[in-house]
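Chemist: Structure, please.
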Amino acid sequence: MSLQTDNDFSKLSLENDHDNLNIDPELRKTIDKTIYGGADGSFNNHVKTPLADLIILKGNIEAELLRFEELLKSNFEAKSQSNPQATTSIANTTLNNYDNAIFPSKTNDYMNAPLINRDGYPRDDVDIFTIRLLRQNCNMLKNDLTHLIDYIHVEMGKYWEGVDKKKGTSNSTITNNNDNATFDPIQASPFCKITGVLKGSPSDQCGLQDNDLLCRIGAIDTLKYYSSHDKLLGVSNYVKEHIDREIPVMIKRKQNGAFINLELTLIPNSNNWDGPGILGCTLVKI
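Modeler: This next block holds a predicted model:
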């Protein structure tokens with residue numbers, strides 16, 4: 001049995017539920033099998049996985065990462081609240097860089113807040129064991145997420161290559177209803193309207209116009225795991241992950257009293273656009 005002292009970090013670590021400090025074993029197993037090839041551990045020895053399942057796995061990893069980030073934050077804040085006098089005595093002094101780092105709530109940097117005090121000794125106001133474990137898990141999941149996103153990009157490229165071959169229009173950027181007999185009705189179904197296209201914005205440079213109907217942007221509205229109320233959120237997340245990358249866009253535009261189907265290429269560019277929003281337009285659900 002450990003001694004009941006304030007400086008005993010073994011005791012401090014017992015205050016946490018260790019089952020909650022570990023990555024979900026089923027998720028870990030799925031990650032290893034999908035990204036790293038399973039038992040042999042060889043990197044990029046992917047088990048063939050449907051694209052929709054890869055995106056679902058991405059969401060599960062992000063949820064687990066968010067859980068650990070919240071646990072990390074709560075560990076810092078719980079210890080600070082349990083010792084308010086120590087917090088107040090330091091906070092009332094002139095804050096320097098070290099003071100801001102010691103209390104990450106001031107900087108929101110819980111991953112890098114120091115675990116030693118000014119004298120170089122381990123801090124006695126936080127659970128160092130738990131914080132190190134949570135940071136390790138956060139870094140591991142971020143690394144997994146990076147590899148998975150790269151994998152998704154590769155598979156998405158293969159998907160669109162197959163779509164282009166099936167449609168026989170890989171070299172065509174504009175088609176109309178009369179010339180597109182093999183047009184996929186799922187892809188052609190609009191889910192939002194484009195309004196407020198700002199001059200010089202990525203959406204303007206792409207060729208989008210007010211009142212265009214968005215049928216597809218990247219993978220959105222072709223993967224069935226997106227429910228109707230998730231599509232706009234999916235568009236936002238997808239665009240943020242594809243800054244400075246080409247995104248295929250399919251729209252319907254009314255022209256001469258009839259709708260035509262247009263395939264455009266959108267490139268979100270944060271460096272050349274400093275206006276409101278990433279795209280410089282508004283998406284209205286229909």
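Chemist: Counting neighbours, what do you get for residue 205?
Modeler: 17 (other CB atoms under 10 Å). Every C-beta, even on glycine, is put in place using the N, C-alpha and C of the backbone.
Chemist: Could you report the distance from residue 75 to residue 115?
Modeler: Remark: distance between residue 75 and residue 115 (CB to CB, to the nearest Å) = 11 Å.
Chemist: Which pLDDT value belongs to residue 75?
Modeler: Residue 75 carries a pLDDT value of 82.
Chemist: Tell me who's in contact with it.
Modeler: 16, 126-127, 130-131, 134 (CB atoms under 8 Å, 6 or more residues apart in numbering).
Chemist: Now list whatever residues contact both of residue 75 and residue 115.
Modeler: 126, 131.
Chemist: Residue 249 contacts residue 265, correct?
Modeler: Yes. Contact criterion CB atoms under 8 Å: residue 249 and residue 265 qualify, at 6.9 Å.
Chemist: who's more crowded, those two?
Modeler: residue 249 (22 against 12).
Chemist: Assign a three-state SS to the more buried one, would you?
Modeler: strand (DSSP: H, G, I helix; E, B strand; the rest coil).
Chemist: So it versus residue 61, what's the distance?
Modeler: 27 Å.
Chemist: residue ranges with poor pLDDT in the stretch 101-250 of the chain?
Modeler: The stretch 101-250 of the chain contains residues with pLDDT under 70 at 101-108, 160-188, 221-230.
Chemist: rerun at 90
Modeler: 101-130, 146-192, 200, 214-247, 250 (pLDDT under 90).
Chemist: quick one, helices of it?
Modeler: 128-167, 202-206, 231-240 (DSSP state H, counting those that start in this stretch).
Chemist: The shortest one packs against which elements?
Modeler: So that's helix 202-206. Packing contacts for helix 202-206, counted by 3 or more CB pairs under 8 Å, 6 or more residues apart in numbering; DSSP states H and E, involve strand 258-266.
Chemist: Pairing partners for the strand it packs on, with directions?
Modeler: strand 174-176 (antiparallel), strand 247-255 (antiparallel) (DSSP bridges).
Chemist: Distance to residue 27 for those strands - can I get that in TSV?
Modeler: Formatted as TSV, those follow (distance: least, CB to CB, whole Å):
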stretch	distance to residue 27
strand 174-176	42
strand 247-255	28
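Chemist: so which of those strands is the most packed in?
Modeler: Across the strands paired with strand 258-266, averaging neighbours per residue (mean count of other CB atoms under 10 Å) puts strand 247-255 on top, at a mean of 18.
Chemist: Can you give me the domain boundaries for the chain?
Modeler: The chain is divided into the following domains under automatic domain parsing: 9-155, 172-285.
Chemist: thinking again about what came up before, Throw the helices of the stretch 101-250 of the chain into JSON lines and include distance to residue 281, thanks.
Modeler: Output for those, formatted as JSON lines (distance: least, CB to CB, whole Å):
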{"stretch": "helix 128-167", "distance to residue 281": "23"}
{"stretch": "helix 202-206", "distance to residue 281": "4"}
{"stretch": "helix 231-240", "distance to residue 281": "11"}
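Chemist: Tell me which of these is the most buried.
Modeler: helix 202-206 (a mean of 21).
Chemist: Pull the CA coordinates from that one and hand them back as PDB.
Modeler: Extracted in PDB, the C-alpha atoms of helix 202-206 (Å, rounded to 0.1, in the frame of the first residue of the first chain):
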ATOM      1  CA  PRO A 202     -12.200  30.200 -53.700                       C
ATOM      2  CA  SER A 203     -15.800  29.600 -54.600                       C
ATOM      3  CA  ASP A 204     -15.800  32.400 -57.100                       C
ATOM      4  CA  GLN A 205     -12.500  31.300 -58.700                       C
ATOM      5  CA  CYS A 206     -13.900  27.800 -58.900                       C
END
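Chemist: check contacts around the residue nearest to residue 20 when sequence neighbours are not counted.
Modeler: Closest residue to residue 20 apart from its sequence neighbours, by CB to CB, 6 or more residues apart in numbering: residue 71 at 6.9 Å. Contacts for residue 71 (CB under 8 Å, 6+ apart) come out as 20-21, 134.
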